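Asker: missing the sequence, but the structure's below:
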């Protein structure tokens with residue numbers, strides 16, 4: 001992997017993580033919990049929610065909060081490590097892009113969880129029943145791309161690229 005690609009991936013991770021944190025800060029400072037702001041009438045609403053669980057508020061209730069925080073933090077770190085490993089061991093550009101999106105989303109939600117004890121969700125669209133955030137979008141898009149690339153397109157290239165016959 002070239003230095004230019006490393007910089008591009010680092011820039012992508014930084015930009016998505018920053019967009020997530022800035023948007024969450026805006027929501028936290030402008031909307032009370034359960035408050036709302038219409039963005040596109042009848043279609044998109046920003047509503048301030050605190051999610052102590054994972055995606056779609058699964059595992060949000062019950063159990064010790066410190067234990068849940070520890071488990072979710074470890075899961076986020078493991079996800080980041082796996083994606084960084086994919087980036088470092090393959091030459092597949094789509095895998096790099098997808099894994100960088102997952103890393104950015106995981107960093108966004110992990111930072112929010114560690115600083116605030118919960119993840120701030122705020123985007124509600126008419127056709128989707130759950131509230132989510134920018135990090136969730138990055139994780140979802142990255143995860144779908146990873147699944148498609150790894151599951152449907154065969155094994156990614158490992159190690160150095162193979163020389164082409166002359």
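Answerer: Structure's in. What do you need? Keep in mind that what you see is a predicted model, and the values were worked out from it rather than measured. Residues are numbered from 1 along each chain as shown.
Asker: quick one, what contacts the residue nearest the centre of the chain?
Answerer: When Cα atoms, centre = their mean is applied to the chain, the residue found nearest the centroid is residue 105 (2.0 Å). If you count contacts by Cβ atoms under 8 Å, 6 or more residues apart in numbering, residue 105 has them with 16, 20, 134, 135, 136, 137, 138, 139, 140, 142. Using the backbone N, CA and C atoms, a C-beta is placed for each residue, glycine as well.
Asker: and if we set it to 7 Å?
Answerer: With contact taken as Cβ atoms under 7 Å, 6 or more residues apart in numbering, residue 105 is in contact with 16, 135, 136, 138, 139, 142.
Asker: tally of neighbours for the third one?
Answerer: Using other Cβ atoms under 10 Å as the criterion, residue 136 is surrounded by 22 other residues.
Asker: again with the second one
Answerer: With neighbours defined by other Cβ under 10 Å, the count for residue 135 comes to 29.
Asker: for it, which non-adjacent residue is closest in space?
Answerer: Leaving aside its sequence neighbours, residue 135 sits nearest to residue 108 (Cβ to Cβ, 6 or more residues apart in numbering; 3.3 Å).
Asker: mean confidence score for the host helix or strand of that neighbour?
Answerer: Assigned by DSSP states H and E, residue 108 belongs to helix 93-116. Per-region confidence: helix 93-116 scores 93 on mean pLDDT.
Asker: buried sites along that helix?
Answerer: 95-113 (16 or more other Cβ atoms under 10 Å).
Asker: phi, psi of residue 128?
Answerer: The phi/psi pair for residue 128 (degrees, to the nearest 10) reads phi -130, psi 130.
Asker: and residue 117, by the same measure?
Answerer: With angles defined as degrees, to the nearest 10, residue 117 sits at phi 80, psi 0.
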